[in-house]
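K.L.:
heads up, no residue letters with this:
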Ligand SMILES: O=C(O)C(=O)C[C@]1(C(=O)O)C=C[C@@H](O)C=C1
């Protein structure tokens, strides 16, 4: 099975298929000495290792990662819906579509907690609720 690599745009590409690569040269994901020369780094269980103890540990940790991802998706959707309710309530009452001072507070909260990535995350959260500026 060919392992896929998630790109930052959410698309997937085959692990051996490097953007800009001229040929199927060295694979940075493949540990030195891997018996698998096909670019498939997943091995049987898709963990990226051939060590069964490490694979079992990875599978266990991934269960919690998957749980966290599901929770984050649900929270993302709930936040967007609530933000849309606030916006609709405000517009129906003759108010503004946006409250930029509130957006600045939220951006600052995420930047303080998470740094520059927090700012980017907060921008995406805000856009999910109120739409693009
Ligand atoms: O808190 C508000 O007033 C909202 O409308 C919600 C929200 C947000 O998603 O947090 C969205 C748009 C506003 O400009 C500010 C914040």
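P.N.:
Cool, got the structure. Since the model is a prediction, treat every value here as computed from it, not as a measurement.

K.L.:
return the residues of this protein in contact with the ligand.
P.N.:
When proximity is defined as Cβ under 6 Å from any ligand atom, the chain approaches the ligand at 83, 86, 87, 98, 99, 102, 103, 106, 126, 129, 130. Quick note: C-beta positions are derived from backbone N, CA and C, even for glycine.

K.L.:
okay, and the helix or strand of the protein with the least pLDDT?
P.N.:
Confidence across the helices and strands of the chain bottoms out at strand 4-6, with a mean of 48, counting by mean pLDDT, DSSP states H and E.

K.L.:
what's the helix or strand for residue 94?
P.N.:
Residue 94 belongs to no helix or strand when elements are defined using DSSP states H and E.

K.L.:
tell me the contacts of it?
P.N.:
Not one residue lies near residue 94 by Cβ atoms under 8 Å, 6 or more residues apart in numbering.

K.L.:
got phi/psi on it?
P.N.:
phi 90, psi 10 (degrees, to the nearest 10).

K.L.:
next one: residue 49
P.N.:
Dihedral angles for residue 49 - degrees, to the nearest 10 - are phi -140, psi 150.

K.L.:
quick one: it from the ligand, how far?
P.N.:
Applying Cβ to the nearest ligand atom, to the nearest Å, the value for residue 49 to the ligand is 41 Å.
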